[in-house]
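Undergrad: Could you work out the structure for the sequence below:
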Amino acid sequence: MKSFICPRCGADLIEDASEDIQETKAGRFVVDAFPAIVCRAECGYMVPVDLTPKVIAQQGEDRLLLLYPNEQGRILELRDSVIWPPLQVDSLLARGYWEEYVGNHNVERLLENARDIHAECSDPPNLFQFATSELSQDAFLCWLMLWGEPRHRSLDRPLHEAAVEFISTIFINHNVPVPLVREIEIKRQFKSLDILAVINNTYAILIEDKTYTKDHSNQLTRYRDAVKKVYPNLIQLPVYYKIADQSHYRPINEAGFLPFKRDMMLCILKAGKERGVENTIYLDYYHHLKKIDDSIVAYRTKPLVDWDDYAWQGFYREIQKELEGDWGYVANPSGGFWGFWWTAKNLQKYYMQLEHKRLCVKVSVEEGEDKKQLRTTTMRDVLQLSEQQNLQLQKPSKMGSGKTMTIAERTDYLQTNVNGTVDIKRTIEELKRY
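TA: Here you go, the predicted structure:
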């Protein structure tokens, strides 16, 4: 028996047995005995043997092969204190010449100090996995802006500079000279506005935070009026903060708010990280936005079968550069979907809508029109036109009778590459035919 040291009291560890005793409802006792490594001084330390990896081979003095349950093996590099990801032990034994283990290492102690490459390959826990509400994001923006006050510069200079850059970007976007920030007063939920930041008692930064939602009910104009009523002399810099994407920002611009999009914030956060920001909250938010951004552009590299809602949004955003249409979430009793719609140049009565992999031709019913008659005649006309121009449209699998009706469809409009990814250029060319 090799003698190891107990991490709790320093006494020797020995191979012994332990047991788990449980009483049943019938009053009987069930004893589960199992081999274990226990402390000779009986301090209470115990580890079941089957949970403790066993060294079964070595390569020189710097590499050990550990055997885990279910024939899983891991290589422990002693020189760099690194543990490899798990593989079948037979596969590891086949990779190079292994010698019989003759050492006397405290494996448990070595593993406590080893860097686990397998764990490093996974994403670490992120605060914003759980703090997903707009209120949580509001809190981050308030926290970041307050770091822009001069008195915080000595506490964390890189974080202070990142905060100043965020505030300065807002001024630059509004074509207002950037002032030397001396004082910041933050008000949350001011007259229902998400954030009001008063800078030097001269400027009012109004931030409406729309994480995944949109503006509604003329709310942006009402917020500006409410701030103007209380602070008539402040110069307003309204910001529409959006980390997700939306089809357009026309109503936002009309209300005098300027969009502050995810890519703008990522540039600021990345620059701060490169200047040395090490604050965990800051870095968590940066990685949170980076993950969203990676998901949005995943349509470029992910096979079509693996697309999620973010990938569809990225795809619609891309084709919008070539097609004059809009996109957004379409709610329906089946659970809803992300769609893209546009109108034919010469046939204004019809419009096209992409419902993920399905291209639909739809018609809107006006007040007093005969739905059945409209559906029949328009379907005939569209299918006839499709045959003439080889548009490959077919009669829809399900006939509707609502205010808008699908009168033709195509389920293979997406053009793909050999590896299953979408060929964006060919797909856009195909869509332009409609």
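Undergrad: immediately after the helix or strand of the chain with the lowest mean pLDDT, which helix or strand?
TA: Lowest on mean pLDDT, DSSP states H and E among the helices and strands of the chain sits helix 117-120, with a mean of 59. Using DSSP states H and E, the helix or strand that directly follows helix 117-120 along the chain is helix 134-146.
Undergrad: For that following helix, buried residues please.
TA: Glu134, Gln137, Asp138, Phe140, Leu141, Cys142, Trp143, Leu144, Met145 (16 or more other Cβ atoms under 10 Å). Placement of C-beta: from N, CA and C, glycine included.
Undergrad: who does that helix touch, helix- and strand-wise?
TA: For helix 134-146, the packing partners by 3 or more Cβ pairs under 8 Å, 6 or more residues apart in numbering; DSSP states H and E come out as helix 157-173, strand 184-190, strand 193-199, strand 203-209, helix 280-296.
Undergrad: how about a cut-off of 10 Å?
TA: Counting contacts by 3 or more Cβ pairs under 10 Å, 6 or more residues apart in numbering; DSSP states H and E, helix 134-146 is packed against helix 157-173, strand 184-190, strand 193-199, strand 203-209, strand 235-242, helix 262-274, helix 280-296.
Undergrad: what angle separates the first one from helix 134-146?
TA: For helix 157-173 against helix 134-146, the angle by axes from the mean of the first three to the mean of the last three Cα atoms, to 10 degrees is 100 degrees.
Undergrad: so how far is helix 157-173 from its chain's centroid?
TA: Put simply, helix 157-173 sits 24 Å off its chain's centre (Cα atoms, centre = their mean, to the nearest Å).
Undergrad: any residues touching the helix or strand in which Ile252 is found, and which ones?
TA: Element membership of Ile252 [criterion: DSSP H and E] is helix 250-254. The contact list for helix 250-254 (Cβ atoms under 10 Å, 6 or more residues apart in numbering) reads 208, 210, 214-216, 218, 220-221, 238-240, 242, 246, 257-259, 326.
Undergrad: 6 Å - rerun?
TA: Contact with helix 250-254 is made by Tyr240, as judged by Cβ atoms under 6 Å, 6 or more residues apart in numbering.
Undergrad: and what of stretch 74-94?
TA: 62-67, 71-73, 113-116, 118.
Undergrad: and the residues you listed, which are buried?
TA: For the contacts of stretch 74-94, buried by 16+ other Cβ under 10 Å: Arg63, Leu64, Leu65, Leu66, Gly73, Ala114.
Undergrad: and the closest residue to the third one other than its chain neighbours, what element?
TA: Counting by Cβ to Cβ, 6 or more residues apart in numbering, Leu65 lies nearest to Ala57, which is 4.2 Å off, once chain neighbours are set aside. Ala57 is part of strand 54-59, with elements assigned from DSSP H and E.
Undergrad: got the buried residues for that strand?
TA: Of the residues in strand 54-59, those buried (16+ other Cβ under 10 Å) are Val55, Ile56, Ala57, Gln58.
Undergrad: quick one, what contacts the third one?
TA: By Cβ under 6 Å, 6+ apart, the contact list for Ala57 reads Leu65, Trp98, Tyr101.
Undergrad: List the neighbouring strands of the helix or strand the first one falls within plus their orientation.
TA: It refers to Leu65. Taking DSSP H and E as the definition, one finds Leu65 inside strand 63-68. Strand 63-68 pairs in its sheet with strand 54-59 (antiparallel), strand 72-77 (antiparallel), by DSSP bridges.
Undergrad: That one: how far from the chain's middle?
TA: Centre-to-centre, strand 63-68 and its host chain are 36 Å apart (Cα atoms, centre = their mean).
Undergrad: How many neighbouring residues does Tyr329 have?
TA: Per other Cβ atoms under 10 Å, the neighbour tally for Tyr329 reads 13.
Undergrad: before we move on, what SS does it have?
TA: strand (DSSP: H, G, I helix; E, B strand; the rest coil).
Undergrad: what's the pLDDT at it?
TA: pLDDT, Tyr329: 91.
Undergrad: Can you give me every residue that contacts Thr404?
TA: Thr404 touches Lys362, Ser364, counting by Cβ under 6 Å, 6+ apart.
Undergrad: ok, now how distant is it from Leu258?
TA: Going from Thr404 to Leu258 by Cβ to Cβ, to the nearest Å gives 34 Å.
Undergrad: again with Glu161
TA: Separation of Glu161 from Leu258 (Cβ to Cβ): 23 Å.
Undergrad: quick one: low-confidence parts of this protein?
TA: 1-4, 17-35, 47-52, 95-96, 117-122, 212-217, 345-348 (pLDDT under 70).
Undergrad: longest helix anywhere in it?
TA: Taking DSSP state H as the criterion, the chain has its longest helix at helix 371-389.
Undergrad: So which elements touch it?
TA: With contacts defined as 3 or more Cβ pairs under 6 Å, 6 or more residues apart in numbering; DSSP states H and E, helix 371-389 has these neighbours: strand 404-410.
Undergrad: Could I get the buried residue list for the strand it packs on?
TA: Met405, Thr406, Ile407, Ala408, Glu409, Arg410.
Undergrad: just stretch 84-97 next, same as before
TA: Buried residues in stretch 84-97 (16+ other Cβ under 10 Å): Trp84, Val89, Leu92.
Undergrad: just to revisit the earlier point, grab the CA positions of the helix holding Ile252 and hand them over as CSV.
TA: Provided in CSV are the C-alpha atoms of helix 250-254 (Å, rounded to 0.1, in the frame of the first residue of the first chain):
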residue,chain,number,x,y,z
ARG,A,250,-37.6,54.8,-38.6
PRO,A,251,-39.9,55.7,-35.7
ILE,A,252,-36.9,56.0,-33.4
ASN,A,253,-35.2,58.5,-35.6
GLU,A,254,-38.4,60.4,-36.0
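Undergrad: For that helix, buried residues please.
TA: Judged by neighbour count (16+ other Cβ under 10 Å), helix 250-254 contains these buried residues: Ile252.
Undergrad: Fine, thanks again, bye for now.
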